[in-house]
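Novice: Next input, structure requested:
(one chain, ligands or ions: 1)
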Amino acid sequence: MFASPSMGSREASLSTILCFLLLFSLGCKCIASELHATQTAVLKVDASPPLARQIPETLFGIFFEEINHAGAGGIWAELVSNRGFEAGGPHTPSNIDPWSIIGDDSSVFVATDRTSCFSRNTVALRMEVLCDNCPAGGVGIYNPGFWGMNIEDGKTYNLVMYVKSPEDVELAVSLTSSDGLQNLASVTIPVSGASNWTKLEQKLIAQGTNRTSKLQITTNKKGVVWFDQVSLMPSDTYKGHGFRTELISMMLDLKPRFLRFPGGCFVEGEWLRNAFRWRESIGPWEERPGHFGDVWHYWTDDGLGYYEFLQLSEDLGAAPIWVFNNGISHNDEVNTAAIAPFVKDVLDSLEFARGSAESTWGSVRAAMGHPEPFPVKYVAIGNEDCGKKFYRGNYLKFYNAIREAYPDIQMISNCDASSTPLDHPADLYDFHVYTDSKTLFSMKNTFDRSSRNGPKAFVSEYAVWRSDAGRGSLLASLAEAAFLTGLEKNSDIVQMASYAPLFVNNNDQTWNPDAIVFNSWQQYGTPSYWMQTLFGESSGAMIHPITITSSYSSSLAASAITWQDSENSFLRVKIVNFGSDPVSLTISLTALQAHVNAVGSTATVLTSSNVMDENSFSNPNKVVPVKSQLPNAAEQTQVTLAPHSFSSFDLALTQSKLVAEM
Ligand code: AHR
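Specialist: Numbers count the residues shown, from 1 in each chain. From the prediction side, this is the model:
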């Protein structure tokens, strides 16, 4: 628009301003489109067989830590929290939380005492009913589980509890909504008066669904009743082994080749008295004392114990990696001169896992239902303890004893040997990294410079955290994907890698971000979870050298592997575009001993409109991989990489030999 001579001066200057605004906005648009101009890149894959190398079968696995209620109130399906009224432990006053009392001071009196029939967890709950005419519905106790129990219509729940009552009494057991208005299941259990404890077992079938239910136990009869070890398990756990099926299914989708457990700092404890002790976590669940994990600040009944972790490894088809406490916590240490009993304790744990069903500890495992040994081939001697005063001394005691008793077990040191050699023997060394996205992106080259001799690297904890990650951003996943392509390339010396932490119950978000977020009944993967699913086929695959030619190559990270499913072979190119420009990419394959078949070739892309986008319960699929066909797939394939994206191109291969025969 231009000002005509007939216009007044005010109108003319208005038009001039508008005109400037228009030109300015056009200019901005031009600058913006210049800033986001499409970049070009050529990625060459040299597929000649002599240059290919097999990636270790163990490369990608998972690290499970009891953190954020990942286990108790998480993958372990037990619905009752503090089932033995033991929280508080043997040396501090017991704590019945989260149990609550139904009734007032005039009708019921509840206290703990030490009259349990279980010698390792002596606390029981004594309930004295004071009322002759008790309120309708009776008086008693209830447990809300871990922020409410997920009770689902038609499902069966197995209740077990230990009760002692000198007089005959009837207990009303029910599952109700948290406000008590919805009754989901109820049953009356008669208890005969006796001076002994009785084990009661009862199936409850839900007549409705409520995600935040509670278990309540009431009576109308005056008298005294003791309770202990009250458990409520859903009947449909994974393989009947006590795990929440839908969370296991998310673990399985990562195709984990190993399971590192049970921590992390959880293994160390703030104080040694609160560290995870395998011996206290095995045997009949009723007899386990439970313990307070003082690093992550919650009580666990230890239903998910050492045996269950070994069982979980087996169920996932993953090699167990047992991280044991080496006599060191965050704040106290056992002097090497006194470490012998701890070494013996660990040898016992290995006999429990690997010994014959006739051995002292193998027989305990067999009695728990697993006569076959569990194949423990890796142990980590502590967690993040390298700098501690007694680490080396203690380490050597464990190392020598284990090497002698189990020569095939691979031992993992806490000391980082990626840039300087270790001063002690080890099969692997542990490497942890939590950092910002730019740093992790650049760390894709970290192991390029590491010595090719000596122990292999176990990158057992990696993640982008803090402001770049929020509660699980696309940005974090892109940097992590770039880092993993670097691990694949260096997998001659990097043997294993796992993201951390794996799980978070959204009611206890102590550590952010995490790979899988859940509550009592829902779960979703963060972008970092989905990113890992695109590395699931890498373990055991062949890796090929690549070169990237582009003026934009500092924003790109890639790798190329060949892998096979049950029917077909694929050449997979994974590439991260860490920058904000789109990239026109040519994938060029040389020395390929097969033909690329467009049919069956696919592109899978993880991206979103904003690099800080996250998934949530309300929008769990905001940032998830999207798969499409790649109809132009050939020896030279043209694709476009979206800004801030992670893409995986699977080029279907037809063996030349087969083609020649056709
Ligand atoms: O993954 C969370 C914590 O980070 C682990 O417990 C510890 O090993 C690391 O410091």
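
Novice: Give me the neighbour count for residue 74.
Specialist: 26 (other CB atoms under 10 Å). From N, CA and C alone the C-beta is placed, and that goes for glycine too.

Novice: tell me the phi and psi of residue 456?
Specialist: phi -80, psi 160 (degrees, to the nearest 10).

Novice: just residue 555 next, same as before
Specialist: Torsion angles, degrees, to the nearest 10, at residue 555: phi -100, psi 0.

Novice: Please apply the same query to residue 360.
Specialist: According to degrees, to the nearest 10, residue 360 has phi -60, psi -50.

Novice: cool, and residue 222?
Specialist: The phi/psi pair for residue 222 (degrees, to the nearest 10) is phi -60, psi 140.

Novice: Contact partners for the closest residue to it other than its chain neighbours?
Specialist: Leaving aside its chain neighbours, residue 222 sits nearest to residue 129 (5.1 Å; criterion: CB to CB, 6 or more residues apart in numbering). Going by CB atoms under 8 Å, 6 or more residues apart in numbering, residue 129 touches 107, 108, 139, 219, 220, 221, 222, 223, 224, 225.

Novice: Report the beta-bridge partners for residue 129.
Specialist: Beta-bridge pairing for residue 129 (DSSP bridges): residue 108, residue 223.

Novice: From residue 384, how far out is it?
Specialist: 51 Å (CB to CB, to the nearest Å).

Novice: now swap in residue 289 and tell me
Specialist: 26 Å.

Novice: and what of residue 213?
Specialist: 39 Å.

Novice: residue contacts, the residue of the stretch 251-400 of the chain found nearest the ligand?
Specialist: At 2.8 Å from the ligand, residue 264 is the closest residue in the stretch 251-400 of the chain, using CB to the nearest ligand atom. Each residue near residue 264 by CB under 8 Å, 6+ apart is listed here: 63, 65, 66, 67, 323, 383, 461, 500, 501.

Novice: Phi first, then psi, for it.
Specialist: Torsion angles, degrees, to the nearest 10, at residue 264: phi 70, psi -180.

Novice: Identify the residue nearest the residue nearest to the spatial centre of the chain in space, chain neighbours excluded?
Specialist: Central residue of the chain (CA atoms, centre = their mean): residue 502, 2.2 Å from the mean position. Residue nearest to residue 502 in three dimensions, not counting chain neighbours: residue 515, with 5.1 Å by CB to CB, 6+ apart.

Novice: tell me, how many neighbours does the one you found end up with?
Specialist: 28.

Novice: likewise the one 3 residues further on?
Specialist: As a burial measure, residue 518 scores 25 neighbours (other CB under 10 Å).

Novice: Tell me the pLDDT of it.
Specialist: What the model reports as pLDDT for residue 518 is 98.

Novice: Now do the same contact list for it.
Specialist: 74, 247, 503, 504, 505, 506, 524.

Novice: May I have the secondary structure class of the last one?
Specialist: Right, the one you point to is residue 524. Counting by DSSP: H, G, I helix; E, B strand; the rest coil, the backbone at residue 524 sits in strand.

Novice: quick one: contacts for whichever residue of the stretch 551-662 of the chain sits closest to the ligand?
Specialist: Nearest residue of the stretch 551-662 of the chain to the ligand: residue 614, at 19.0 Å (CB to the nearest ligand atom). Counting by CB under 8 Å, 6+ apart, residue 614 makes contact with 470, 471, 472, 473, 474, 526, 527, 622, 623.

Novice: pLDDT, secondary structure and distance to residue 311 for the residues you listed - can I get that in CSV?
Specialist: Listed next are these as CSV, based on pLDDT from 0 to 100; DSSP: H, G, I helix; E, B strand; the rest coil; distance: CB to CB, whole Å:
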residue, pLDDT, secondary structure, distance to residue 311
470, 97, coil, 35
471, 98, coil, 31
472, 98, coil, 29
473, 98, strand, 34
474, 99, helix, 35
526, 99, coil, 27
527, 99, helix, 30
622, 98, coil, 35
623, 99, coil, 33
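
Novice: ok, for residue 445, nearest residue in space, not its chain neighbours?
Specialist: residue 486 (6.0 Å).

Novice: For the stretch 451-600 of the chain, just list every one of the strands.
Specialist: Along the stretch 451-600 of the chain, counting by DSSP state E, counting those that start in this stretch, strands occupy 456-464, 494-499, 503-505, 516-518, 523-525, 542-544, 546-549, 556-564, 569-577, 583-590, 594-607.

Novice: ok, the fourth one: who's next to it in the sheet?
Specialist: Same thing as strand 516-518. Counting by DSSP bridges, strand 516-518 is paired with strand 503-505 (parallel), strand 523-525 (antiparallel).

Novice: among those strands, which is the most enclosed?
Specialist: strand 503-505 (a mean of 25; mean count of other CB atoms under 10 Å).

Novice: Most widely separated two among the contacts of residue 264?
Specialist: Greatest spatial distance among those (CB to CB): 66 and 461, at 14.6 Å.

Novice: more neighbours, these two?
Specialist: Legend: neighbour count by other CB under 10 Å for residue 66 and residue 461, higher for residue 66 (29 against 21).

Novice: check contacts around the more buried one.
Specialist: Residues near residue 66 by CB under 8 Å, 6+ apart: 72, 262, 263, 264, 266, 276, 293, 296, 300, 304.

Novice: Quick one: residues contacting the residue nearest to the first one when sequence neighbours are not counted.
Specialist: Looking back up the chat, that one is residue 72. Take residue 72 and drop its neighbours on the chain: the residue closest to it by CB to CB, 6+ apart is residue 300, 4.4 Å away. Counting by CB under 8 Å, 6+ apart, residue 300 makes contact with 66, 71, 72, 290, 291, 292, 293.

Novice: Could you count how many residues lie near residue 522?
Specialist: Neighbours around residue 522, by other CB under 10 Å: 13.

Novice: Which pLDDT value goes with it?
Specialist: For residue 522, pLDDT reads 98.

Novice: Can you give me the distance of it to residue 624?
Specialist: 15 Å.

Novice: and if you look at residue 587?
Specialist: 23 Å.

Novice: Correct me if wrong: residue 346 contacts residue 402.
Specialist: Yes: assessed by CB atoms under 8 Å, residue 346 is found in contact with residue 402 at 7.2 Å.
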